[in-house]
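[1] Provided below for reference: sequence and predicted model.
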There are 2 protein chains.
Amino acid sequence: MKYAEIIIPGNELLDGNVVDTNSPYLAQKLLEVGVQTRRKTFVRDDVNELVKAIEESLSREPDYLLITGGLGITRDDVTREGLSKALNKSLTYDENTLRRIEELLKKRESELREKGLTETRKGYARIIEGSKPIYNQVGAACGMLIEKDKTKLVVLPGVPEEMKAMVDSLIGKIFVGDRIYSEMIYLGRGEESEFLPLHEELSKLKIEFGSYPKGMDVYIKIKSEDLGKFEEARKIVEKYKRS
Amino acid sequence: MKYAEIIIPGNELLDGNVVDTNSPYLAQKLLEVGVQTRRKTFVRDDVNELVKAIEESLSREPDYLLITGGLGITRDDVTREGLSKALNKSLTYDENTLRRIEELLKKRESELREKGLTETRKGYARIIEGSKPIYNQVGAACGMLIEKDKTKLVVLPGVPEEMKAMVDSLIGKIFVGDRIYSEMIYLGRGEESEFLPLHEELSKLKIEFGSYPKGMDVYIKIKSEDLGKFEEARKIVEKYKRS
């Protein structure tokens, strides 16, 4: 199975002012192509905190490390600087994005347009040296793909529309996992704990499963990338189904 | 400033099937009493993954480490076992919770009632030896308060209604921080980047701030536990306000 980790910097997310819907979207998209998210880490908009989180994640050697957010151009946007420090790489400008920002400015109100491509605005085009730019179809900030040992580091904006458009363009191209077989099965009415013998059997099979009670209805979810094991698990579940 | 970390085990949260609303609730409640959340970590329902996350968090010595979820009694509920391994402490039963489970069973359908306090059901009352039980006003699972060096470890159920009731009972008692002064100030219409000189000034003051553009409206949030600094920051912000 291919594994991903997600790191999300953002004070607002840690202060509880915003509910995170980006990472569920990412995780679902990854799972559709057989990549399972193993860990999600939220850190504050602080370079040192972000550097630590990136280093820790890379030491666990996930197949993918996604970082979402912090690609704006104000001081609380620390993702580019954090990456630069964690990877010991300098920052450069992506020429295509610089041109794209100029194009975007032409469509804006005259006051904004007049100032043109300021040093600050150029910030949207800053990428890690040697990284592959991921173009933003919606906003200004450029994403990045960085290869680091066994890990593909994918850096995405935090604005949901921008993030989604970028991820959708990478699914099945950059993100390629193995097929995962998964099913949610209704066991019947009863108490969750009455199905513990089923859990024991599934544990012996070493298949991933979860138990989901809804009131007095109990469901079980089984998941495997091994079709044989998955089919075996299904047969076991059948034995415990209540009519 | 007092700091908290939150660890949340849950495959469903990592697979993107569920949006996490527990941690925003927790973070807001903590912030109200002056405790800032520094990191949130989501791990799979896997004992080893949870043990690692607990050990890593404790090594950073937060004032509070909250763990939410995994207190059910099926095999994918790994929080008690993870805590036992991470802290090298055995598990015991909380007598009050055992009695409470018996009371709860009396009110249930006859089929459930008859079997009584089974070994499995006793699982809801299992707590780490030497921990202080936190009673559940809504459901069966017992919470825990564990003192570990400088950190207060608070273990809560993942069911939102149970978690909320428990947290509300701890606010201002177990969770006590320092007063934090915070304000969201409207700067005026413009482009976010036009306010960078303000960001520079606030950075020099070493006060926490965030920039929040909404369309062409720009807001700034300032935050400090030092009233003097906070007032100074407010004056700086006033200078940059556009009428």
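    Sure thing, it's come through. Please read all numbers here as calculations on a predicted model, not as lab measurements. Residues are numbered from 1 along each chain as shown, chains lettered A, B, ... in the order given.
[2] output stretch A:83-97 in PDB with nothing but the alpha carbons.
    Extracted as PDB, the C-alpha positions of stretch A:83-97 are listed here (Å, rounded to 0.1, in the frame of the first residue of the first chain):
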ATOM      1  CA  LEU A  83      10.500  24.100   3.000                       C
ATOM      2  CA  SER A  84      13.700  25.900   2.100                       C
ATOM      3  CA  LYS A  85      15.000  25.400   5.600                       C
ATOM      4  CA  ALA A  86      13.800  21.800   6.000                       C
ATOM      5  CA  LEU A  87      15.300  20.700   2.600                       C
ATOM      6  CA  ASN A  88      18.300  23.100   2.700                       C
ATOM      7  CA  LYS A  89      17.400  24.400  -0.700                       C
ATOM      8  CA  SER A  90      17.200  28.000  -1.900                       C
ATOM      9  CA  LEU A  91      14.100  29.600  -3.500                       C
ATOM     10  CA  THR A  92      13.900  30.700  -7.100                       C
ATOM     11  CA  TYR A  93      11.200  32.200  -9.400                       C
ATOM     12  CA  ASP A  94       9.000  30.200 -11.800                       C
ATOM     13  CA  GLU A  95       9.000  32.300 -15.000                       C
ATOM     14  CA  ASN A  96       5.700  31.000 -16.200                       C
ATOM     15  CA  THR A  97       4.000  32.000 -13.000                       C
END
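[3] now it, how far from the centre of its chain.
    Counting by C-alpha atoms, centre = their mean, to the nearest Å, stretch A:83-97 is centred 20 Å from the centre of its parent chain.
[4] ok, which stretches of chain A are strands?
    With DSSP state E, the ranges of strands along chain A come out as A:2-9, A:35-43, A:64-68, A:91-93, A:126-128, A:132-134, A:143-148, A:151-156, A:181-189, A:208-214, A:217-224.
[5] for B:Val78, which of the ones you listed is the nearest?
    strand A:208-214 (11.6 Å; C-beta to C-beta). (Each C-beta comes from the backbone N, C-alpha and C, glycine too.)
[6] contacts only, for the closest residue in space to A:Asn136 that isn't next to it in sequence.
    Nearest residue to A:Asn136, sequence neighbours excluded (C-beta to C-beta, 6 or more residues apart in numbering or on different chains): A:Glu162, at 5.5 Å. For A:Glu162, the contacting residues are A:136-139, A:141, A:156, by C-beta atoms under 8 Å, 6 or more residues apart in numbering or on different chains.
[7] domains of chain A?
    A:2-170, A:181-240 (automatic domain parsing).
[8] would you turn those into JSON lines with distance to B:Lys152?
    JSON lines is the format used below for the domains of chain A (distance: least, C-beta to C-beta, whole Å):
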{"stretch": "domain A:2-170", "distance to B:Lys152": "19"}
{"stretch": "domain A:181-240", "distance to B:Lys152": "30"}
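[9] least confident of those domains, on average?
    Among the domains of chain A, domain A:181-240 carries the lowest mean pLDDT, a mean of 90.
[10] check the separation of the first and last residues in it.
    20 Å (C-alpha to C-alpha, to the nearest Å).
[11] hmm, it touching chain B?
    Yes. Judged by C-beta under 8 Å from any C-beta of the partner chain, domain A:181-240 and chain B are in contact via A:191-193, A:195-196, A:199-200, A:202-203, A:208-211.
[12] list the buried residues for stretch A:215-222?
    A:218-222 (16 or more other C-beta atoms under 10 Å in any protein chain shown).
[13] next one: stretch A:24-38
    Taking 16+ other C-beta under 10 Å as the criterion, stretch A:24-38 shows A:24-27, A:29-31, A:33-38 as buried.
[14] among the residues you listed, which ones lie close to chain B?
    Okay, of the buried residues of stretch A:24-38 touching chain B (C-beta under 8 Å from any C-beta), that's A:24-27, A:31, A:36-38.
[15] tell me which of those residues is nearest to B:Phe42?
    Of those, the one sitting nearest to B:Phe42 (C-beta to C-beta) turns out to be A:Thr37, at 8.3 Å.
[16] farthest pair within the ones next to chain B among the buried residues of stretch A:24-38?
    Across these (C-beta to C-beta), the longest gap, 17.2 Å, separates A:Tyr25 and A:Arg38.
[17] give me every residue that touches the residue nearest to A:Lys239 when sequence neighbours are not counted.
    Distances taken as C-beta to C-beta, 6+ apart place A:Leu198 nearest to A:Lys239, at 7.9 Å, with adjacent residues excluded. Residues near A:Leu198 by C-beta under 8 Å, 6+ apart: A:187, A:220, A:236-237, A:239-240.
[18] scan those and report the most crowded one.
    Among the contacts of A:Leu198, A:Ile220 has the most neighbours (other C-beta atoms under 10 Å in any protein chain shown), with 25 neighbours.
[19] ok, the buried residues of stretch A:24-38 vs B:Ser131, which is closest?
    Distances from B:Ser131 to the buried residues of stretch A:24-38, taken by C-beta to C-beta, are shortest for A:Arg38, at 28.3 Å.
[20] A:Glu147 versus that closest one, what's the distance?
    19 Å (C-beta to C-beta, to the nearest Å).
[21] now do A:Asn96
    For A:Asn96 relative to A:Glu147 (C-beta to C-beta), the value is 20 Å.
[22] over to A:Gln28?
    In terms of C-beta to C-beta, A:Gln28 sits 25 Å off from A:Glu147.
[23] same deal with A:Phe209?
    Applying C-beta to C-beta to A:Phe209 and A:Glu147 gives a distance of 34 Å.
[24] these two - which one has more neighbours?
    Neighbour count, other C-beta under 10 Å: between A:Phe209 and A:Glu147, A:Phe209 has more, with 24 against 11.
[25] list the contacts of that one.
    With C-beta under 8 Å, 6+ apart, A:Phe209 has these contacts: A:199, A:202, A:220-223, A:233, B:75-76.
[26] residues of stretch A:157-167 that come out buried?
    For stretch A:157-167, using 16+ other C-beta under 10 Å, the buried residues are A:157-159, A:162-167.
[27] could I get those residues as TSV with distance to B:Asp20?
    Formatted as TSV, the buried residues of stretch A:157-167 follow (distance: C-beta to C-beta, whole Å):
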residue	distance to B:Asp20
A:Pro157	21
A:Gly158	16
A:Val159	20
A:Glu162	22
A:Met163	17
A:Lys164	19
A:Ala165	24
A:Met166	22
A:Val167	19
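[28] which residues are contacting stretch A:53-60?
    So stretch A:53-60 is contacted by A:5, A:7, A:38-39, A:41, A:43, A:65, A:67, A:82-83, A:86-87, A:148-149, A:151, A:153, B:39, B:56 (C-beta under 8 Å, 6+ apart).
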